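Participant: My questions concern the predicted model and sequence given below.
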Amino acid sequence: MMSQSLLSEKQFNMLFNKSKDFVFLCKKLGNDYTYIYTNPVARSIFNEEVIGKKLTEVRSIELTNLIVKYYNLALELNEQQSFQDYITFESEVRKYETTVLPIIHQEQQYILAITKEIAFERDLQDKYLFMRNIFFKTLLSTILVSKDLKLLEANSAFIQTFNIDMQIMRGKRFLDLNFIDQDTMEELQQYLVEAQHGGMFATKLVHFIDREGVKRSFTATFSPLRQENEVVAVFIILQDITKYFEQEQMLHQTSHILETFKRAMDSAADISITDINGKIVDVNERFLKQTGYTREEIIGNTHQIVNSRYHPPEFFHNLWATIRSGNVWHGEICNHDKYGVTYWNETTIIPLNDLEGNITQYLGIHFNVSEKKRVMTQLRNIERTFRVITENTNDLIIITDEDGIISYASPSYVRLLGYEEEKLLGKFYAQLLAEESVSKWQTVLEGFHDNTREQKVELKLQGKHGELFWTEGHYKVVYSNDYNGMNQLIMLSREITERKKRESILMFMAYHDSLTNLPNRRYLDKEFPHLLEKAESKYESIAIVYIDGDNFKEINDCYGHDVGDQFICQFSHALVKSVSLDNLVVRVGGDEFVVILTNLSRNKEIRTEQVQTFIERVRMHLHEGWAIGEHYFQTTASMGVAFYPDHGEKLEKLVDLADQALCESKSNQKNSYKIYD
């Protein structure tokens, strides 16, 4: 209500009601000012009634500090003051000049403030109108953020994507809104601050959370809006690249697979690439090593440089006719190296096409089979003597070259795996292995030239019909003094399947409870880091639920330990029935269990509902009960809950907090639960 000592509200209305300027009458109270009159135009900029309220209650901190500065100065000097500022009104940034008039009446201090709009400079106005045109009509998502980082406006594309109500969101701090990705909030704030200082960049990657709770990726342009070299707002244009981002990740994975395949090919074969006229454009190191030429001598030449003249012209005529028609050619070619020494290649030539299907290059994959033929000849010469030794042993003897190609397999391999001997020769040894042992065998081959002493390796073999056998092998690389240094790997192995089964049983016993066969605390310590890694990668939460059965001691005392043990087993079965396959039930001792619930939301309300659903399932299964001999038991349990990452990241701490919550729950009443707070 206006002071009776000043003009009446009617008189103020007569003076200022028709004014297009913003008029405010404020009374000084301590270090603040209270609104006692505003004209209709001024009232339109507020979303609430301000009469009787303080400046600090309705204005931003930054604007309040500016206004109070000039209000105080006018009263202190007792003379008119003026200042300029930029205000967001009806989704536009406007420039205003405020005249501050001090009024001292009956020892009370008042301020009459009249704010007039000042036209922008033409270049800024044109730029802003142009950006507003983009802002409201573009199919891209666009946002306008004030210099104090408040959301001023968003276009329909952004509103629809993130399902926001601009009437509610407008004027709120941009970085506090629910579509901001917390993991990248600091980077986004940095970009906005840089834009406020005049920076402008168009290829920054930002992330927001859409209406479905899914993280979306965008490229963002931050454009500062200036007036007299001062930034008044930041205009952001967003282009959704979520699909491209996912495709890029898939492409990266595919590229990695292709690179791995290329490395595998490079380690096993000579590679050459020619253009459509047969000129060599690239070769790998194995090709150079085989031919003896340098890269400079090879590139730009044709394969005539290694032609041994062994084959007639018709041979190459048929070869070219095949690949020019788009078909793959496969066969053996006799070549010679730089020094005239001949060698045989098993060669595959593959036409490479562009997007239109036109052949642009030819890929040649060459396996040198000269040494393999010679080794095979030598092996056949000693085969009879060697078989006398090997046919009567159960030991598994294998000989491979440095590429892992089998040149000899003892009859024990035939008996164990069910393959015919001829099918084993020339086969990659890796093809006999179970998938889990292939990488270990590849490590053996990669260290081929370092294996000068006998070494040991355990490998799992897979038989012709899918049977699995564990073997323990001792292998050694044997070097030949013959031309080109033919190297071979000889491995003597014994089947250890039964031993591995026993080891597996012992391992199970080490990581599982002997009574319930549930995982124990040692298993939980081993697996929890993997669960954390998975939860973090999927931005999920984990619940640690500490469970203690009610009245277990009474059951032991009344019915004995045998019944008590059976009761614990049935209790554990009820817990297992209450969880999904992704969750983990662990017995930590007595009737105490820890359940690890994964795949939980980081939204506290949703996560609480998920945990409550689990607790209700446990109660239901415990209430169903079970029979032990002539007795039927129904029981209850008390529970304590702690969450990752809210309550901690270390297993020991989370279990301890869940235990504390359990103790608090039991102290209140049985058959209850408590979430740690």
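Facilitator: Ah, there it is.

Participant: Please count neighbours and contacts with C-alpha atoms only from this point.
Facilitator: Will do.

Participant: Quick check: residue 503 is in a strand.
Facilitator: No. Counting by DSSP: H, G, I helix; E, B strand; the rest coil, residue 503 is not part of a strand but helix.

Participant: per-residue confidence for it?
Facilitator: pLDDT, residue 503: 77.

Participant: Is the closest residue in space to residue 421 that isn't next to it in sequence within a helix or a strand, and which one?
Facilitator: Leaving aside its chain neighbours, residue 421 sits nearest to residue 414 (6.1 Å; criterion: CA to CA, 6 or more residues apart in numbering). Residue 414 is part of helix 411-417, with elements assigned from DSSP states H and E.

Participant: do residue 245 as well
Facilitator: Using DSSP H and E, the element containing residue 245 is helix 242-268.

Participant: Please work out the average pLDDT along that helix.
Facilitator: pLDDT averaged over helix 242-268 gives 70.

Participant: The helix or strand that that helix is followed by - contacts with which helices or strands?
Facilitator: Note on helix 242-268: by DSSP H and E, the next helix or strand toward the C-terminus is strand 270-275. In terms of contacts (3 or more CA pairs under 8 Å, 6 or more residues apart in numbering; DSSP states H and E), strand 270-275 is packed against strand 280-283, helix 285-291, strand 359-368.

Participant: so of the ones you listed, which one's packed in deepest?
Facilitator: With neighbours taken as mean count of other CA atoms under 10 Å, the helices and strands packed on strand 270-275 reach their highest mean count in strand 359-368, at a mean of 20.

Participant: Residues contacting that strand, please?
Facilitator: 268-276, 278, 324, 326, 343-354 (CA atoms under 8 Å, 6 or more residues apart in numbering).

Participant: and if we set it to 7 Å?
Facilitator: 269-276, 344-354 (CA atoms under 7 Å, 6 or more residues apart in numbering).

Participant: Quick one: buried ones out of these?
Facilitator: Using 16 or more other CA atoms under 10 Å as the burial test, the contacts of strand 359-368 include 269-275, 344-352 as buried.

Participant: which pair in the residues you listed spans the largest distance?
Facilitator: Greatest spacing in these, by CA to CA: 344 and 352 (24.5 Å).

Participant: about what we covered before: burial count for the residue nearest to residue 421?
Facilitator: 18 (other CA atoms under 10 Å).

Participant: same deal with residue 104?
Facilitator: Residue 104 has 11 nearby residues by other CA under 10 Å.

Participant: My guess is it contacts residue 111. True?
Facilitator: No. Taking contacts as CA atoms under 7 Å, residue 104 lies outside contact range of residue 111: 8.7 Å.

Participant: rewinding a little: what distance do you get for the residue nearest to residue 421 to residue 399?
Facilitator: 14 Å (CA to CA, to the nearest Å).

Participant: Kindly report the same for residue 192.
Facilitator: Taking CA to CA, one finds residue 192 at 66 Å from residue 399.

Participant: if you skip the residues just before and after it, what's nearest to residue 55?
Facilitator: residue 33 (5.7 Å).

Participant: Need the residue closest to the centroid of the protein.
Facilitator: Closest residue to the average C-alpha location of the chain: residue 537 at 4.7 Å, with CA atoms, centre = their mean.

Participant: next one: phi and psi at it?
Facilitator: The phi/psi pair for residue 537 (degrees, to the nearest 10) reads phi -70, psi -30.

Participant: For it, give its distance to residue 235.
Facilitator: 32 Å.

Participant: Quickly find the element holding residue 581.
Facilitator: With DSSP H and E as criterion, residue 581 is part of no helix or strand.

Participant: Could you tell me how many residues sit around it?
Facilitator: 8.

Participant: helix or strand for residue 489, which one?
Facilitator: Residue 489 belongs to strand 487-495, assigned by DSSP H and E.
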